[in-house]
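Novice: Build me a model from this:
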Amino acid sequence: MREAELIEKLKSVVFKKSESLEGIKIEGYDFGNGLNVSQILESLGPTGTQASNLGDAIEIVKQMIEWRLSHEQVTKDCSEEMKSPTHREFVKCKIFLGFTSNILSPGVRENIRHLVKHNLVDVLVTTSGGIEEEILKCLADKSKGDLHSKGDDKLEDWIVPILDRMLGEQNTDHVLWTPSRVIARLGKEINNKSSFLYWAYKNSIPVYCPAFFCTALNGPLRKTLHSYSIRNPSLLVDSMQEHAMLHNESLHANPRKTAMIILGGDANMMCNGADFKVIINTLEKFNGRDFSARSDDVSWGKVCASDKFVKVKYMCFLVHYGATVAFPLLVRETFGKIQGYEYNQGLSLSRILNPVPSTGFLVSYLGEAIEIVNQMLEWRLSHDQVAEDCSEEENNPTYRESVKCKIFLGFTSNIILSGVRDIIRYLAEHRMVDVIVTTTGGIEEDIIKCFANTYRVSRLGHPDT
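Specialist: Next comes the predicted model:
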């Protein structure tokens, strides 16, 4: 084979012909337009990678909130009431919010309380650890860095008299206690406006906990309930009835659509699954757990076979994150626009990020990163003491105030593939960094983007494609 033919053959294998694509153009937020929090969050969709999944999640939650029965066609077998346009406009989507106990340990608890306080969700599903954490937070505050729970010794003193009264009501009034009814009673007794249990009781929002007696073996709630059951074995809490009540929430939801926002857990396998679903966690599908599965697992019955599904795992500005980062942003851009950020302090991204360092878990690292970058930007040579061997120029106060920190920005090629490229361009354009270090792939991707746009073509509901 001649050399020219060989070269052409190799080129045909290595260099693929460009194709036209249709979809959402990949681009990030241009900070030259100012710090508009709504536009920043709206830009997540076309940013690419996991930022797009968070953007999709925001869109799906907006659909949950905006859905009305009036959006659907009137069926032949519906009642006269269901035919009324006024009534149909009044019927909203039934929203389930599920979360595990580790969500309540950090500051995401305040976001959940806001939703419950303002009747923005209809059903809560959590673990026994979630109930335990909430009670302990009301009995004694937890601080970041304190690995030892405070208030454990107070829990027994607080809950035993309540259990005594419940036992009396069971014997005299024939009350059938289930975990959700016990939780509602605890919300009433806690009488603490900082608690989502209190607001769930006040607003008659059920809090289901099918595994109420499955806290950690050393958990103070389990130890207290166990010791009480030994002394008073006649107090009965029916877990079987709890499962039936939870299933009925979705089975009897018709004609309402159902929606789920899941923070590290799962719910609603009845009624052919949910119509809308958002899962926020850091788990991969490979561990075989249901709430880490892909969207195409509709055969399990967890979610209807529709496009309205998204799973948020990681975000481009943080290597690993969970609900502590994604959930406050999602609430701000969806439910927050209904009632105002609770906030009642305005819809400000700064107000959301200010408490980040004290929120706990991985989101605290984001908060600390923000603080460190602020220190980089604010440092001046004048902040340091004058060295004995420094020059006359370095002794000059004006000169010392002008000397700033030298900032290196490093990134890999996959960052340029996403809309973060536009943020890097903004930093370089405005001389906000001094040195950029990247890979050859980063240079290649940036040049290719100048010749042809990249598009996001994966279908909503299939974040893995």
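Novice: what's the first-to-last distance across stretch 80-90?
Specialist: End-to-end distance for stretch 80-90: 15 Å, by C-alpha to C-alpha, to the nearest Å.
Novice: Return the residues in contact with residue 225.
Specialist: residue 213 (C-beta atoms under 8 Å, 6 or more residues apart in numbering). No exception for glycine: its C-beta is placed from N, CA and C like everyone else's.
Novice: count of neighbours near the residue nearest to residue 393 when sequence neighbours are not counted?
Specialist: Counting by C-beta to C-beta, 6 or more residues apart in numbering, residue 393 lies nearest to residue 399, which is 5.5 Å off, once chain neighbours are set aside. Using other C-beta atoms under 10 Å, residue 399 has 14 other residues around it.
Novice: what about residue 399, which SS state?
Specialist: helix (DSSP: H, G, I helix; E, B strand; the rest coil).
Novice: I'd say it and residue 390 touch.
Specialist: No - between residue 399 and residue 390 there is no contact under C-beta atoms under 8 Å: 10.4 Å.
Novice: re earlier: I'd like to know how far the residue nearest to residue 393 sits from residue 379.
Specialist: Going from residue 399 to residue 379 by C-beta to C-beta, to the nearest Å gives 15 Å.
Novice: Repeat that for residue 423.
Specialist: Residue 423 is 22 Å from residue 379, by C-beta to C-beta.
Novice: show me what contacts the closest residue to residue 214 other than its chain neighbours?
Specialist: Leaving aside its sequence neighbours, residue 214 sits nearest to residue 128 (C-beta to C-beta, 6+ apart; 5.6 Å). Neighbouring residues of residue 128 by C-beta under 8 Å, 6+ apart: 101, 209, 211-215, 219, 221-222.
Novice: one step back: read off the pLDDT value for the residue nearest to residue 393.
Specialist: Looking at residue 399, its pLDDT stands at 92.
Novice: The one 10 residues further on now?
Specialist: At residue 409, the model reports a pLDDT of 93.
Novice: That one belongs to a helix?
Specialist: No - according to three-state DSSP, residue 409 belongs to no helix; its state is strand.
Novice: quick one: contacts for it?
Specialist: So residue 409 contacts 424, 427, 433, 435-437 (C-beta under 8 Å, 6+ apart).
Novice: possible to save these as a markdown table with neighbour count and distance to residue 335?
Specialist: What follows is the contacts of residue 409, written out as a markdown table (neighbours: other C-beta atoms under 10 Å; distance: C-beta to C-beta, whole Å):
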| residue | neighbour count | distance to residue 335 |
| --- | --- | --- |
| 424 | 19 | 32 |
| 427 | 14 | 32 |
| 433 | 15 | 36 |
| 435 | 9 | 42 |
| 436 | 14 | 39 |
| 437 | 9 | 41 |
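Novice: Out of those, the closest to residue 260 would be?
Specialist: residue 424 (36.1 Å; C-beta to C-beta).
Novice: ok, now how distant is the nearest residue to residue 93 once chain neighbours are set aside from residue 61?
Specialist: Leaving aside its sequence neighbours, residue 93 sits nearest to residue 67 (C-beta to C-beta, 6+ apart; 4.3 Å). Remark: distance between residue 67 and residue 61 (C-beta to C-beta) = 11 Å.
Novice: One more: residue 430?
Specialist: 34 Å.
Novice: and residue 197, what is it in contact with?
Specialist: Residue 197 neighbours (C-beta under 8 Å, 6+ apart): 131, 134-135, 183, 186-187, 190, 207.
Novice: Give me the pLDDT for it.
Specialist: 96.
Novice: can I assume it sits in a helix?
Specialist: Yes - Residue 197 sits within a helix when classified using three-state DSSP.
Novice: Assign a three-state SS to the closest residue to it other than its chain neighbours, would you?
Specialist: Nearest residue to residue 197, sequence neighbours excluded (C-beta to C-beta, 6+ apart): residue 187, at 3.6 Å. Following three-state DSSP, we place residue 187 in the helix state.
Novice: you'd agree residue 187 is up against residue 201?
Specialist: Yes - the criterion here is C-beta under 8 Å, and residue 187 meets it with residue 201 at 3.3 Å.
Novice: Let me see the ranges of the helices in the stretch 1-150 of the chain.
Specialist: Here the stretch 1-150 of the chain has its helices, by DSSP state H, counting those that start in this stretch, at 3-14, 37-42, 49-66, 80-83, 85-90, 101-104, 109-117, 128-139.
Novice: Least reliable of the ones you listed by average pLDDT, please.
Specialist: The lowest average pLDDT among the helices of the stretch 1-150 of the chain, as it happens, falls on helix 37-42, at a mean of 67.
Novice: ok, how many other residues are close to residue 159?
Specialist: Every residue meeting other C-beta under 10 Å relative to residue 159 is counted, giving 22.
Novice: host element of it?
Specialist: Assigning secondary structure by DSSP states H and E places residue 159 in helix 152-173.
Novice: List the buried residues in that helix.
Specialist: 152, 155-156, 158-159, 163, 166-167, 170 (16 or more other C-beta atoms under 10 Å).
Novice: Any stretches of the stretch 201-350 of the chain with poor pLDDT?
Specialist: Judged against pLDDT under 70, the low-scoring parts of the stretch 201-350 of the chain cover residues 215-218, 265-273, 282-325, 333, 337-350.
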